[in-house]
Each structure stands twice: as C-alpha cells, then as structure tokens.
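In: Okay, here's the prediction I keep looking at, along with the sequence it came from:
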Amino acid sequence: MKVAWAGSRHAVEVADRMACLVASDPVFRKDTRTMLSRKELFKDTLKKAAHAWKRTVELHLTEEEANLLRLYIDQPGYVDLHWVMFVPAIKGQGTEEQQKKWLTMAYKFQIIGTYAQTELGHGSNVQGLETTATFDPSTDEFIMHSPTLTSSKWWPGGLGKTSTHAVVYARLITEGKDYGIHGFIMQLRSLDDHSPLPGITIGDIGGKFGSGAYNSMDNGVMRLDHVRIPRDQMLMRLAQVTREGKYVHSDVPKQLLYGTMVYVRQTIVADASRALSRAVCIAVRYGAIRKQFGSKAGGPETQVLNYKTQQSRLFPFLASAYAFRFVGQWLKWLYTDVTQKLESKDFSTLPEAHACTAGLKSVTTSATADAIEECQKLCGGHGYLNSSGLPELFAVNLPACTYEGDNVVLLLQVARFLMKTVSQVASGKQPVGTTAYMGNIQHLMQCKSVVNTVEDWLNPAAIKEVFEARALRMAVNCAQNISKAPSQEEGFSELSPDLVEAAVAHVQLIIVTKFIEKLQEDILGHGVKEQLQKLCGIYALHLIHNERLGKLYAQVRPNAVALVDAFDYTDHYLGSALGRYDGDVYSALYKEAWKDPLNETVVPDGYQEHLRPLLKQQLKLSRL
Ligand SMILES: CCCCCCCC/C=C\CCCCCC(=O)SCCNC(=O)CCNC(=O)[C@H](O)C(C)(C)COP(=O)(O)OP(=O)(O)OC[C@H]1O[C@@H](n2cnc3c(N)ncnc32)[C@H](O)[C@@H]1OP(=O)(O)O
Ligand SMILES: Cc1cc2nc3c(=O)[nH]c(=O)nc-3n(C[C@H](O)[C@H](O)[C@H](O)COP(=O)(O)OP(=O)(O)OC[C@H]3O[C@@H](n4cnc5c(N)ncnc54)[C@H](O)[C@@H]3O)c2cc1C
C-alpha cells in the first residue's frame, strides 16, 4: 500500500531516507514550536533553513531529496518562496541570458528571492495591481514606484526580513503608455549588511492565524520610492522593451505571465493530499486507541472508530486523501506535458492546464481545510491540544484556500472555461481532454441512473457516467440561464454561485475519473487494489450522499489503520501525541503537557502581583 501511495518503490525509499534524516537531527525538532515567541520562531526558521542547506551540501542531496528535506522540516519559511516561486518565475519568464545570470546565484543561495505580486489593495485581480515600472530612455532604466498606499506590496513570503531579491510585478509604462503587468527582478537588500536599499521601505506585515504555523514566515510589506533598476532586469521572455523604449510583445500568449501560479497550484494539490493524509492518520490511529462507553455488563469499552457516526465522518476523508494523491500525480504529468508543449510553441492545452490546476487547487484545499478541522473534532478534547498536531496542521493549511488564488475566484475561472466549452459543443466542435465527456451530451442529458446496489456503485463505468451526467447537466443549465440574461457578462455574474457549483462538479468528476484510472493500473500488494476500490466507491458516494455508504465503511474498518500506516509518516513529521505509531497516547499527552513554559514554575508568574492580593483581599472581606 505504501508504494500505491508514494507512487513507486524509489519514492518510498527516498521519502523514508529524508524523513529519518530530519527526525534524527535535533536541530529540526518541532515539539516546542508552538511555545516560541514570534521572534524566537522566526529565528528558529532561519536556523533550520541554514542547517538544511548545510546538510544538502554535505550529503550532496539531489533536488528531489532537498525538496523532501524541506517538506519534512515542515516549517514555512523564506526557502519555500525562493524555490517554489522566485526560481520558477525566472525560469518561466526570463530569457536564456537572464536565467543563466540569476539562477546561477539563486541555486547557490548567493541571493534569496521571493515573488512580490500581491499588493495591499489587490491580490486576486492581478490586472488591478498599481506598482509602476516606468522606462527612462535617458538612463536605460526602469523606475520602480509605489504610487499609492494600496500599491504597497503586501504578503510576499520572505519579503519582510529575509529576501535579498524579488520578482516584482508592476505596470510597465514606456513612451507614456501603460502595457499592463510584467515581472521585474529587483534587489531589495544589501548583500553586505542586509540593510534595505535606498528608496525601499520594507518590513513584516505582522502575526497570522494560529500559534506557530505561518508565523514562522516573514510575509512582508514593501513600498518603493522611485527605485531605479537596469532595463535588463525586466523579465523579457514574454515581452521586451528596446533601448529606445519600444514595447515588443513576443509571439507567446500573454497568460504565460501567470505561469508561475499555474506551476504552484499543481504542487498545492499534492500538498493538500499530504496535509489531509496527516490529519486522517492522526484521527484514525487515535480512533483505534480511544475507547468510550462499552457493553452494559461492564465489558471492555468500545473503540470510537467502531461507531458508525465516527466512520461516516472520517472515512470519506480517508478516501479523499487517496483520491487527491492520485489526481495530484496525474496533474503533475499534465503540467509537465503542457510545459513540454510550450517549448515547441504548442499552446493548445494551456486553457485546459489553467482550468485543471485552478479547479483542483481550489477543490482539494477547501476539502482539506474542512477535513482537518473535522479531524480535530473527531479526536474530542485532545484534538484541540497543540500536542495533537491538528491545530498547527489546520493553521498551516487553511491559507491554501486563499494563497495562489482565492478558491472562488479560481472556480469562476473553471466556470468560464466550461461555458466556453459548452458553446463550442453547441457549434459542433468535439471537446477533448477533461471535457471530452461533454461531447456525449445527447446521452448524458437523458440517461437514467444505472446504479441501485452497493455493488453497482463499485462499477467504475457506472460511477463515471453518473458524475459525467451530473457535471454536464449543471454546466448546460448554467449556459441556458446565462443565455436568457441581457448580456453574457451580466448572466455570468448573476449565475456565479451556480457556476461555482458546476465547476466543483466538473472537478470532482476529474478526481473520480483519475481514481478509476489509477485502479486500472497494476497495483502491487495482496488485497491493495480491493481496498482502493472501496475507497474509490466511498469518495464517489460521499459526494452524492448515497445511503449505501454504511456497507462500504464496514468493509474498510478492519483495514483503516493499515491504510493510514501506508502514508509512512514518522512520528516526528506527524508531530502528534494522538497519532503516534506505537499508540502510546496518554503517556505522550502527559509528557508533552509538562514541556509548556507555563509549567516551569509551580506557582505561576503574576501570582504575587495579581492573584495573591486579590485572594487576600477577598479573604479579608469574607471575615468582616
Ligand atoms: C512546509 C510547510 C507547508 C507549507 C507550504 C509552504 C509552501 C507552499 C507553497 C507555496 C506557498 C504559497 C505562497 C503563495 C504565493 C501567492 O499567493 S502568489 C500570488 C497568487 N495570486 C493569484 O493567484 C492571483 C489570482 N488571480 C489571477 O490569476 C488572475 O487575476 C485571474 C486569472 C483571476 C484573472 O486574470 P485576468 O488577467 O484578469 O484574465 P481574465 O480576463 O479572467 O482571463 C483572460 C483569459 O486568460 C485566461 N487565463 C487566466 N489565467 C490563466 C493562466 N494562469 N493560464 C492560462 N490562461 C489563463 C482565462 O482563462 C481567459 O481565457 P479566455 O479569454 O479564453 O476565456
Ligand atoms: C499565507 C499567505 C501567503 C501568501 N504569500 C504570497 C506571496 O508569497 N506572494 C504574493 O504575491 N502573494 C501572496 N499571498 C497573497 C495571496 O496570493 C492573496 O491573498 C490571494 O491571491 C487572494 O487575493 P486577495 O487577498 O486580494 O483576496 P480578495 O480577492 O480580496 O478576496 C476577498 C473575497 O472577495 C472574493 N472575490 C474577489 N474577487 C471576486 C470575483 N471576481 N467574484 C467573486 N468573488 C470575488 C473572494 O472570493 C473572497 O471571498 C499570500 C497570502 C497568504 C494568506
């Protein structure tokens, strides 16, 4: 089952090695993280990142191993933005020459970069960004400026205190004309003493949700006061400005400006499956240990995992963890395929890649955030303790519903893609890829459900047809209602809640389809495929609230712990007293409690100043 989850024996081996490397290194301890102040936590992040780099160099780790090392350290920091966004942005939007110059320094960590797009006044609406980059032909420079308070760059990870450079997104103005948003490489801090360069006001935007979590990251604010950069620091793969100041757009779609976001969205789907699997692992293992109430005759109490209500709340998340894992593996293939096509100027699958990455990022992160919160409740009071690992997991993964694109905004992008496809089908064009099912419109608009028993629901063809009919009918219904509106734009706006639902149905069809396709592969291990088939049935059925789920839950219950053990997480990475592999929950909870700084003294700080006087006064009053 480990191989089915990881994707290959090699993946299992590398993951095990990196997870153990992190778990065995005291520098990477994380059990006291939620007890640190904001400054201590930030400094701890710097220490871990520097130590990780040192180990990467010492051990000659590959890029795959180094990425896993960062993942198992499990502490958001500037390195995430450096590797996940700054480097990809230069790769995707820089010329060969610019890549050579800047990536050489970035790969050697001679500079630390971030991705500075969002502003105080605009995040979702990229075309509304206000920062300006005005070309000055007299000096062959761009003047980077924050014209308004709302144009302050706001949120970029690492910008606050760490990054020395950034890809800054700004309105390109040359010869008095505004050509819209383009990317520019800017140095922000001196490489000698790390002080901000002249004209740059920079700092952290303040504490964020949850203790620990993203407070380890210095999300920053930056204002630019007419800062000059050389013309060749405009990322010029998509467009150029000549020495004379002429704007020249290259022959690639302008949407490639958004390429970095597409890349990160596809990685976030894998992040979501990992976060969800961690929460499910904790809740399933604890549910097998925790006993509450039992037979009236004083018999042993019942494992809470045996309760049907616990199973109906938890097993859809177990199924979703596997579903998101498999669709994330497919999405990584899709992204690689589109990137290769772009190299040969084939832009035909760019819209599909945008719709799939936007839709899957949105659906998986929303479902994961909701599931982690529910897993906290599934663990009762102990799920609320930091030592359960669940509050931190929730706080770190909740913002994924917003960063890299607000989930509703992204679903509206999917809806726009679906409406375009429906109208193309109406004009006789055969849809392909993930919308191919829309070509079967006659059948799917009339077909009656062919599933009646639980066994029917384990028939992949039946499941797929139901989800195709559901998605198509919702999309066609929206298209028909939009056509009745005074204008397409007005109709789209009025119908936007229904369009979001139609987009979700389309994305859930993709997830179900990819789960079914995974089951058609050769899957190692005795009985593994059968278990995955049941999980596929649970994932599909729970989305349409089918009453036959109870039978499937009963069939999964005996293997529930084995199914979460297959995630192969070390206790260090899981970071949970409830989800420990050895199940020794109560002694672990008790031991963790005493680590809290509040327990450093038996009489708490503040007693002498605030508690003793009060008690003494009340005691005196009571004797009057
Ligand atoms: C270790 C512990 C774990 C913690 C994890 C740490 C590490 C995690 C990893 C990274 C951390 C994440 C940090 C987050 C970083 C950020 O948040 S960066 C900023 C992200 N910001 C956004 O995502 C902004 C979202 N907004 C947009 O993308 C765009 O504004 C928009 C797409 C919503 C609208 O764009 P606009 O230019 O206005 O275009 P439209 O008019 O809507 O569409 C025009 C056509 O272009 C097509 N299109 C739009 N986007 C794309 C795209 N990306 N690719 C291809 N095509 C695109 C669109 O479909 C339209 O096409 P048609 O005209 O044919 O319909
Ligand atoms: C932890 C974290 C890290 C981040 N890191 C970075 C970073 O490194 N670099 C960077 O550039 N940015 C970063 N961001 C910013 C992030 O990308 C933006 O917050 C995100 O794109 C959402 O934009 P917004 O904040 O403007 O939300 P808004 O768009 O203002 O959303 C507010 C509400 O308006 C709704 N809404 C907006 N537009 C529409 C519409 N057209 N139709 C219907 N509803 C709409 C949204 O659904 C939402 O409910 C980070 C954010 C977070 C939380």
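Out: Here it is on my side, so go on. Residues are numbered from 1 along each chain as shown. Ligands and ions are numbered 1, 2, ... in the order given.
In: can you list the residues of the protein near ligand 2?
Out: Contact residues, the chain versus ligand 2 (CB under 6 Å from any ligand atom): 81, 115-118, 123-124, 155-157, 214, 219, 399, 402-403, 405-406, 408-409, 412. Using the backbone N, CA and C atoms, a C-beta is placed for each residue, glycine as well.
In: number of nearby residues for the nearest residue to residue 479 once chain neighbours are set aside?
Out: Leaving aside its sequence neighbours, residue 479 sits nearest to residue 422 (CB to CB, 6 or more residues apart in numbering; 4.4 Å). When neighbours are defined as other CB atoms under 10 Å, residue 422 has 21 of them.
In: Isn't residue 422 up against residue 475?
Out: Yes. Checked against CB atoms under 8 Å, the pair residue 422 and residue 475 is within contact range at 5.5 Å.
In: of the residues of the chain next to ligand 2, buried ones?
Out: For the residues of the chain next to ligand 2, a neighbour count by 16 or more other CB atoms under 10 Å gives the buried set as 81, 115-118, 123, 155-157, 214, 219, 399, 402-403, 405, 408, 412.
In: how about the residues of the stretch 51-200 of the chain near ligand 1?
Out: By CB under 6 Å from any ligand atom, the residues of the stretch 51-200 of the chain that approach ligand 1 are 71, 74, 76, 80, 84-85, 115, 117-118, 123-127, 157.
In: Now go through those residues and say which are in strands.
Out: Among those, DSSP state E puts residue 115 in strands.
In: State the pair within the residues of the stretch 51-200 of the chain next to ligand 1 that is farthest apart.
Out: 74 and 127 (35.3 Å; CB to CB).
In: So for these two, which sits in the more crowded spot?
Out: Under the criterion of other CB under 10 Å, the comparison of residue 74 against residue 127 puts residue 74 first, with 21 against 8.
In: related to what we said a few turns ago, list residues touching both of residue 422 and residue 475?
Out: Jointly contacting residue 422 and residue 475 under the rule CB atoms under 8 Å, 6 or more residues apart in numbering are residue 438.
In: Please, which helix or strand holds the most centrally placed residue in the chain?
Out: Geometric centre of the chain, nearest residue: residue 268, 3.5 Å, by CA atoms, centre = their mean. Assigned by DSSP states H and E, residue 268 falls within helix 259-289.
In: re earlier: tell me the one of the residues of the stretch 51-200 of the chain next to ligand 1 nearest residue 372?
Out: For these, the closest approach to residue 372 (CB to CB) belongs to residue 74, at 14.4 Å.
In: doesn't residue 30 make contact with that closest one?
Out: Yes. Using CB under 8 Å, residue 74 is in contact with residue 30, at 6.4 Å.
In: Check the contact lists of the two and give me the overlap.
Out: Common neighbours of residue 74 and residue 30, using CB under 8 Å, 6+ apart, are residue 575.
In: dump the residue contacts of residue 202.
Out: Remark: with contacts taken as CB under 8 Å, 6+ apart, residue 202 is in contact with 159, 160, 188, 189, 196, 220, 221, 222, 223.
In: of those residues, buried ones?
Out: Among the contacts of residue 202, those buried by neighbour count (16+ other CB under 10 Å) are 159, 160, 188, 189, 220, 221, 222, 223.
In: The residue in the stretch 101-250 of the chain that ligand 2 sits nearest to - nearest residue in space that isn't next to it in sequence?
Out: Nearest residue of the stretch 101-250 of the chain to ligand 2: residue 123, at 2.5 Å (CB to the nearest ligand atom). Counting by CB to CB, 6+ apart, residue 123 lies nearest to residue 155, which is 7.0 Å off, once chain neighbours are set aside.
In: Please name every helix or strand in contact with the helix or strand of the chain with the lowest mean pLDDT.
Out: Within the chain, no helix or strand scores below helix 454-457, which has a mean of 72 by mean pLDDT, DSSP states H and E. With contacts taken as 3 or more CB pairs under 8 Å, 6 or more residues apart in numbering; DSSP states H and E, helix 454-457 sits against helix 528-543, helix 549-556.
In: Using a markdown table, lay out those together with mean pLDDT and mean neighbour count.
Out: Putting those into a markdown table (pLDDT from 0 to 100; neighbours: other CB atoms under 10 Å) gives the following:
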| stretch | mean pLDDT | mean neighbour count |
| --- | --- | --- |
| helix 528-543 | 94 | 22 |
| helix 549-556 | 91 | 17 |
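In: With distance to residue 372 added, can I get these in a markdown table?
Out: Converted to a markdown table, the helices and strands packed on helix 454-457 look like this (distance: least, CB to CB, whole Å):
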| stretch | distance to residue 372 |
| --- | --- |
| helix 528-543 | 17 |
| helix 549-556 | 20 |
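In: Output those helices in JSON lines, with distance to ligand 1 appended to each entry.
Out: Output for the helices and strands packed on helix 454-457, formatted as JSON lines (distance: least, CB to the nearest ligand atom, whole Å):
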{"stretch": "helix 528-543", "distance to ligand 1": "24"}
{"stretch": "helix 549-556", "distance to ligand 1": "28"}
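In: Close to ligand 1: what parts of the chain are there?
Out: Applying CB under 6 Å from any ligand atom, one finds that the chain approaches ligand 1 through 71, 74, 76, 80, 84-85, 115, 117-118, 123-127, 157, 255, 258, 261-262, 264, 271, 350-351, 354, 396, 403-405, 409, 413, 416, 420.
In: So which of the residues you listed sit within helices?
Out: In this view, these that belong to helices under DSSP state H are 71, 80, 261-262, 264, 271, 350-351, 354, 396, 409, 413, 416, 420.
In: ok, of these, which one's closest to ligand 2?
Out: The nearest member of those to ligand 2, counting by CB to the nearest ligand atom, is residue 409 at 5.0 Å.
In: What pLDDT is listed against the closest one?
Out: Note on residue 409: pLDDT of 98.
In: Could you number the chain from 17 rather than 1 from now on?
Out: In the new numbering, first residue 17, that becomes residue 425.
In: Nearest spatial neighbour of it, chain-adjacent residues omitted?
Out: Sequence neighbours aside, residue 140 is the residue nearest to residue 425 in space, at 4.7 Å (criterion: CB to CB, 6+ apart).
In: List the contacts of the one you found.
Out: Per CB under 8 Å, 6+ apart, neighbours of residue 140: 421, 422, 425.
In: Before I go, just wanted to say thanks for your time.
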